[in-house]
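A.B. asks: got a sequence here, can you model it:
(3 chains)
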Amino acid sequence: MTEPRTLAPSFIEDVSTLPTHAFSYRSLTWWGIMAFMVIEGAAFAMAIAAYFFLMAQEQQWAPGPWEPPGLIAGTAFTLVMLTSEIPNTMIKKAAEAYDVPAVRKLLPVMVAIGLLLLVIRGFEFNSLHVLWYESAYGSIIWALLFLHTTHIVTDWGDTVVLWWLMRTPHGEDPRRLVDTDENALYWRFVWLAWLPIYILIYWLPRVFR
Amino acid sequence: MNAAERAKLPPAKVARDGPRLTGAKLEERLAVTWSNPPGFIGWLSSVDHKDIGRRYVITALAFLALAGALAIVMRLQLSKPDNDLIGAARYNEIFTMHGTTMMFLFAVPVMQGMQIYLTPLMLGTRANAFPRLNAFSYWTYLAGGLLLWIAFVLNIAPDIGWFAYPPLSGPQYGVGKRADIWAQMVTFTEIAALAGAVSLTATILKQRAPGMSLGRMPIFVWATLVTSLMVIFSMPSVALASGMLLSDRLVGTHFYNPAEQGDALLWQHLFWFFGHPEVYIIFLPATGFVSEIVATFSRRTIVFYPIVVMALVATGILAFGLWVHHMFATGLPRIGYSFYTAASMAVSIPTGLQIFCWIATLWEGRPRLQVPLLYVIGFIFTFVIGGLTGVMIAAVPLDLQLHDTYFIVAHFHYVLIGGAVFPLLGAITYWFPKATGRLMSERLGKISFWMIFLGFQLAFFPMHIAGINGMPRRVYTYPAGMGLELPNLLSSIGSVVVAGAVLLFVVNLIMSARAGRVSPSNPWDAPSLEWAATCPPAKYNFPHIPIVDSRTPLWDAGEKMAVVHGLRVNDRELLLTTVVSATPDMREPSAEPSLWPFIGTLALTVMFVCSIFSPWAVVFGIVPVAVALFAWFWPKSLNPEREPVIS
Amino acid sequence: MRRGAAWLVLLLTGCNSYQNALGGDGAEGANFVQLFTVFMVVCTVMYLIVAAALVFALWRRRRTALVLDDRTHHQTSRVVRPALAAWTALIGTGLVVLTIASFFTDRTNAAQGSKPQIKITVTANQWWWDVQYRLPDVSRNVRTANEIHLPVGIPVKVTLKSNDVIHSFWIPNLAGKQDLIPGRQTDAQLLPRKVGLYRGQCAEFCGVQHAQMALDVMVESKEDFLRWYAGQLKPATAPANSLQLAGYRYFTTRECSTCHNIGGTPASGQVAPDLTHFASRRSIAAGTLPMARGNVYGWVADPQSQKPGNRMPTVGLSANDLHALVAYLETLK
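C.D. replies: Next up is the predicted model:
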């Protein structure tokens, strides 16, 4: 190993008083979460583009022999998702206020909502009125719903782990509150991404029949 | 103590760098803090960006050699008309393996590896933003490469071309598991590239040295930022496309099946939406190399830095609007094609501006014709030919003749080898002393440069002629009497010269690493921060985080090096600064070595490889993956007195 | 001018006048040669400017360099900014000129192909071409394989389809290529200007024998074309001796007829090349072998050894059957 350019250091600024945690764009992991949201958003965008591309091949949408997907399960899902933003925002604000007891009380609500959503999602798959191997229409509808389901499953998994984590002494570490804040941010992406997909799966196949 | 109280704690009384802890004493302690565990476990669990970058580059060069050997086999088969050295089926596997390996296992990974190695050093920080994610990225890349090459050894290699168009790659015509292996390899490598890109983006935005505003970053770092953002926006498209292909093949969906209202062109759109940015993902880091080398070897800053940066950004954005130029022969509406012709022409403007700035820098400076600069000169002479044939094929009437002929093969090798490999070889020569502490042999370097430069022209220029003379791509043989004998023979001879040059370069690498001339820390008298570190850099990169106030910090430093102080010494810590102006903002713990990235890749590999055979593998395989991720992220220690660590 | 450029390239690279993008023997092909020449000139000039600038930048002896040693490494000479502006204007202008030239060529090609007088449908298969001439009177349609005849000077519209994977229809002397995509219909316009023999080849990788999927294209005088067409309309020649009859019997009752069609006989398979006028063609198996007795023998006896992986199985004929079949096939002019 060789000697570095031997310039003596001149100590200009003391950074030891800087914090070791911060919320939003000051947090390093926030940028990681942002990047993952862009990646998944791009994947959804391409899937939506594929949906319109395949739709352009058909005269009718939903095409001929298939009824459009049933509205009840999908709409119930959407309503529950939109409602979930209430506890979600409460958790986010509690995290930013360092209110660990509030976070500990509200996270199980999100876990329960997530479970409910997964159950409703099962009913949604059941009421699509087409199977993935029956036509390209069936394939793309299932693909959109499947992609979003992986979204829900992974974020629900994250939330379960976070719930457990916050119940341990780790919950009093401010950096874990930043994690909580970012998990809530990610949940917003999950339901925002759902809204156009809801329209594409449940409404466009009714409009263009 | 609750979180609110803990948030307001004053800094802990622990050892920190500064006037009272500096020099050899500091470096001793930092070396311990930033070291890997000993032995094989240490090697497997390393999260040091220099280890990971080096592994990426070495692995990518190994794949370059493998794919290059396949190219020699192809050229031997094509050296004579109606040759029967290699049969049709085997030849089709070979060209598929050659293209797939070069594009997915060499070109992008080698660039990303260089970026992972260099970026923290150029930014004046100690590590990458997400060190374990980085490690995971390497292992996942390796797994994808092994999947493909083990398949080749087992005689189930894909034979559908590197872009795998359905229906040929679909369930009806793509018999067996070959296409599934190809598609899953894409999944591995694209996850690896995305993971690397996320880490690089966060590093560049948040970990720059104080004072290194965006306008003072090295051009290579700008190129890395633009490239990483391009990866983030484009790779999901190929992930979706290959996922849909696997789904068509394994569970009976009909995305690409025209018989059930799917469309073969859907693949082409999704693939090329990724595929076109992909080539700029390969090319832009090379332009970053060129800018660094030109500045150092002209002994002045790059002329019109803002123009070069804008050119990088403009190229990155425009690259997303060109993809249909790969589809001009598919019968889409002509009016749509006009837009893509115009955009494909326009993208050459920013590159033309960069070329001006490089030549102007050489003009204004005092060029030293050492090996790295030779490669840059070779790059300009070669790449511009490829760029100009690119302008030709942007025109639809020209492309309709030249598409899918050897003219295109010539074009893309001119832009990829001329435009990316030449700068890469120059860059490896340039940063070799930084990474190893020794210089490569200048004499051997000059010989390999001239061999590869001249051998390349001999190998690839005649392909323009062969294409015009009617030779399509991807043919295992051609008939006599078409005027194809001479160009093919010349290409085959040239390819052997190129192979010899690459071999010589590798010999130079190995010999110099063992016994090359020992290098001072800044052998080229270069301006950027990585040259302030030792050769090779210490595990912690810099003993104190520097403050910069110029684009060329080492050229403009005064008597002393301005630094910040106060970072912990007994735990891994680095400094976060603000995004635009890089004022110090936060102290951030940096991850300690961990086996979980490697274990995560193992779990992912099992899931992905088994899913080639059954879709249930996704459902069951996700469990070990989830367990590995859980163990990876679960925080290990919480000490009310001490400050955060990531272990 | 364009002919000169074409001949220069041909001279430099060896003689191929039948599968050559610089042949310019069709309207679109000639437009390509012209446009290619324009691009070559502009691009060569641009390259020489860049190369000259680089060489000059490296070789100039200067005492006024702005470098680190003189602490002037951040400065730039005043001439550089206008030089950049001029360079940008030059590239911009060059690209606009080339883009406009490209659009004009496109429009010319579209106009030249706008009033076709002959319609052909080409359907690509792995690894052969099905060719059907379509007339308003369907009884006068001709079906053949791997060969196209065209009268000189008459615009033709070729409708392109595929039965399996993506292929590409490319006759470089006449025109650019168009892909044949299953589930879609594309088309190509041909306007041959010079009598001659040309060769086309599939230009989109379509599987194991992509390299052996060529097309013989005959551009002939109007009289010769009509004579050929009339010949193709006739049903297959009847067997005239006992050997040919044995071949006919084998063909129409055994494996051959499951795939192949011979007009006027019971053999009406649709999935392989139409053989009604097989012996009138220039080559066998889409350009794999020239039409000659020995090659017919070789192909019929063992197609897999001639074109491994193609869809015609090696049946394992006895010597007598082989002689009979070849004798019969040779009558199918």
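A.B. asks: for the stretch 1-150 of chain B, what lies in contact range of chain C?
C.D. replies: Residues of the stretch 1-150 of chain B lying near chain C by C-beta under 8 Å from any C-beta of the partner chain: B:Gly87, B:Ala88, B:Ala89, B:Asn92. Backbone N, C-alpha and C define where each C-beta goes, glycine included.
A.B. asks: mind listing the strands for the stretch 451-600 of chain B?
C.D. replies: B:561-565, B:573-577, B:584-589 (DSSP state E, counting those that start in this stretch).
A.B. asks: what angle do the longest one and strand B:561-565 make?
C.D. replies: Which is strand B:584-589. 60 degrees (axes from the mean of the first three to the mean of the last three C-alpha atoms, to 10 degrees).
A.B. asks: is chain A within reach of strand B:584-589?
C.D. replies: Yes - contact between strand B:584-589 and chain A, assessed by C-beta under 8 Å from any C-beta, occurs at B:Pro584, B:Asp585, B:Met586, B:Arg587, B:Glu588, B:Pro589.
A.B. asks: assumed B:Tyr165 was part of a helix.
C.D. replies: No - applying DSSP: H, G, I helix; E, B strand; the rest coil, one finds B:Tyr165 to be coil, outside a helix.
A.B. asks: tell me the secondary structure at whatever residue of chain C ends up closest to chain A.
C.D. replies: Of the residues in chain C, the one nearest chain A is C:Gly183, at a distance of 8.4 Å by C-beta to the nearest C-beta. When classified by three-state DSSP, C:Gly183 comes out as coil.
A.B. asks: and it, its phi and psi?
C.D. replies: phi 90, psi -10 (degrees, to the nearest 10).
A.B. asks: hang on, isn't it packed against B:Ala264?
C.D. replies: Yes - with contact defined as C-beta atoms under 8 Å, C:Gly183 reaches B:Ala264; the gap is 6.7 Å.
A.B. asks: pick out whichever of the two has more residues nearby.
C.D. replies: Counted by other C-beta atoms under 10 Å in any protein chain shown, C:Gly183 and B:Ala264 do not tie: B:Ala264 has more neighbours, with 25 against 18.
A.B. asks: ok, the more buried one touching B:Tyr165?
C.D. replies: Yes - counting by C-beta under 8 Å, B:Tyr165 is a contact partner of B:Ala264 at 6.9 Å.
A.B. asks: overlap in contacts, the two.
C.D. replies: By C-beta atoms under 8 Å, 6 or more residues apart in numbering or on different chains, B:Ala264 and B:Tyr165 have these common neighbours: C:Ile166.
A.B. asks: re earlier: kindly reformat the strands of the stretch 451-600 of chain B as CSV containing distance to chain C.
C.D. replies: Converted to CSV, the strands of the stretch 451-600 of chain B look like this (distance: least, C-beta to the nearest C-beta, whole Å):
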stretch, distance to chain C
strand B:561-565, 17
strand B:573-577, 24
strand B:584-589, 26
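A.B. asks: make CSV from those strands and add mean pLDDT and distance to B:Ala71 to it.
C.D. replies: Output for these, formatted as CSV (pLDDT from 0 to 100; distance: least, C-beta to C-beta, whole Å):
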stretch, mean pLDDT, distance to B:Ala71
strand B:561-565, 95, 47
strand B:573-577, 96, 43
strand B:584-589, 96, 45
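A.B. asks: which residues touch C:Leu275?
C.D. replies: If you count contacts by C-beta under 8 Å, 6+ apart, then C:Leu275 has C:Ala145, C:His260, C:Asn261, C:Ile262, C:Ala267, C:Leu329, C:Leu332 around it.
A.B. asks: can you confirm it is in a strand?
C.D. replies: No - counting by three-state DSSP, C:Leu275 is not part of a strand but coil.
A.B. asks: for it, what are phi and psi?
C.D. replies: phi -110, psi 10.
A.B. asks: helices of the stretch 451-600 of chain B, start to end?
C.D. replies: Taking DSSP state H, counting those that start in this stretch as the criterion, the stretch 451-600 of chain B carries its helices at B:485-515, B:553-556, B:596-611.
A.B. asks: can you tell if the shortest one touches chain C?
C.D. replies: Yes - with C-beta under 8 Å from any C-beta as the threshold, helix B:553-556 lies in contact with chain C, specifically through B:Trp555.
A.B. asks: now tell me what touches that helix from outside.
C.D. replies: A:5, B:522, B:526-529, B:531-532, B:546, B:549-550, C:68, C:73.
A.B. asks: try it again with 7 Å
C.D. replies: A:Arg5, B:Asn522, B:Ala526, B:Pro527, B:Ser528, B:Leu529, B:Trp531, B:Ala532, B:Pro546, B:Ser550, C:Leu68, C:His73 (C-beta atoms under 7 Å, 6 or more residues apart in numbering or on different chains).
A.B. asks: can you pull the pLDDT of A:Phe208?
C.D. replies: Per-residue pLDDT puts A:Phe208 at 86.
A.B. asks: nope, C:Arg71 is what I meant
C.D. replies: 89.
A.B. asks: contacts for stretch C:308-318, please.
C.D. replies: With C-beta under 7 Å, 6+ apart as the criterion, stretch C:308-318 contacts B:87-89, C:126-127, C:208-209, C:255, C:272, C:301-304.
A.B. asks: which of those tops the neighbour count?
C.D. replies: Neighbour-wise, the contacts of stretch C:308-318 (other C-beta under 10 Å) top out at C:Trp127, 26 neighbours.
A.B. asks: filter the contacts of C:Leu275 down to the ones in strands?
C.D. replies: In strands, defined here by DSSP state E, the members of these are C:Ala145.
A.B. asks: related to what we said a few turns ago, name the nearest residue to the residue of chain C closest to chain A, sequence neighbours excluded.
C.D. replies: B:Pro258 (2.2 Å; C-beta to C-beta, 6 or more residues apart in numbering or on different chains).
A.B. asks: then B:Ala435?
C.D. replies: B:Pro536 (5.6 Å).
A.B. asks: before we move on, the earlier item: JSON lines please, covering the residues of strand B:584-589 next to chain A and showing distance to C:Arg199.
C.D. replies: Shown next, in JSON lines, are the residues of strand B:584-589 next to chain A (distance: C-beta to C-beta, whole Å):
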{"residue": "B:Pro584", "distance to C:Arg199": "70"}
{"residue": "B:Asp585", "distance to C:Arg199": "68"}
{"residue": "B:Met586", "distance to C:Arg199": "69"}
{"residue": "B:Arg587", "distance to C:Arg199": "72"}
{"residue": "B:Glu588", "distance to C:Arg199": "66"}
{"residue": "B:Pro589", "distance to C:Arg199": "69"}
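A.B. asks: show me where the stretch 251-400 of chain B has helices.
C.D. replies: B:264-298, B:305-318, B:334-346, B:348-364, B:371-394, B:396-402.
A.B. asks: and the ones you listed, which one averages the lowest pLDDT?
C.D. replies: Across the helices of the stretch 251-400 of chain B, the lowest-scoring stretch is helix B:334-346, with a mean of 94.
A.B. asks: hey, C-alpha coordinates of that helix in CSV?
C.D. replies: Provided in CSV are the C-alpha atoms of helix B:334-346 (Å, rounded to 0.1, in the frame of the first residue of the first chain):
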residue,chain,number,x,y,z
ARG,B,334,-45.6,4.7,-41.3
ILE,B,335,-46.6,7.9,-39.7
GLY,B,336,-45.6,6.5,-36.3
TYR,B,337,-42.3,5.5,-37.7
SER,B,338,-41.5,9.1,-38.7
PHE,B,339,-41.4,10.1,-35.1
TYR,B,340,-38.9,7.4,-34.2
THR,B,341,-36.7,8.3,-37.2
ALA,B,342,-36.6,11.9,-36.0
ALA,B,343,-36.0,10.9,-32.4
SER,B,344,-33.3,8.4,-33.4
MET,B,345,-31.6,11.1,-35.4
ALA,B,346,-31.9,13.6,-32.6
